[in-house]
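# one predicted model, sequence on top.
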Amino acid sequence: MGEKLFHFDELSEQAKVTSIKSFSEFYVRCYRSQNMEILSQVPDQSMLWQINQEVYRNKFESVEHAAKDTIIYCSHSYAKLLSELDMKYFANGNSEITWNEWYDRQFVAAPHGV
């Protein structure tokens, strides 16, 4: 029998920190490759604007540096975004599948024209 999986909002505070750290690098890579179509499908995009502004401010930094900076200034926005995305997590905050795999699944399932 497999480990129990959780939604982001069900995680402990430490597990949320772990999941945000993991997601932040994926987010920065999506932003920099202009590949935000799937992530921008959330109903409330206000958190995206804040994160995007910080990623842009760090446009000449490494992905790792930019991701760390966005966590400092946008942790609340990441938490809000992760609450809206359909990802399951283990109790420690690690995602069930990689974010790249999640993105690919969402892309295949998206209606034409997104």
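Looks like it arrived, so ask away.
# show residues contacting the longest helix seen in the chain.
When the chain is scanned for its longest helix (criterion: DSSP state H), the result is helix 63-84. Residues from elsewhere that reach helix 63-84 (C-beta atoms under 8 Å, 6 or more residues apart in numbering): 7-9, 16, 19-21, 23-25, 27-29, 32, 39, 42-44, 46-48, 50-51, 54-55, 57-59, 61. Glycine gets a C-beta too; all of them are placed from N, C-alpha and C.
# report the distance from the lowest-mean-pLDDT helix or strand in the chain to the chain centre.
Between all helices and strands in the chain, the lowest mean by mean pLDDT, DSSP states H and E belongs to helix 99-109, at a mean of 92. Its chain's C-alpha centre and that of helix 99-109 lie 12 Å apart, by C-alpha atoms, centre = their mean, to the nearest Å.
# now E25, what's its secondary structure?
Assigned with DSSP: H, G, I helix; E, B strand; the rest coil, E25 falls in the helix class.
# show me where this protein dips below the pLDDT cut-off.
By pLDDT under 70, the low-scoring segments of the chain are 1-2, 112-114.
# from L85, how far off is K4?
19 Å (C-beta to C-beta, to the nearest Å).
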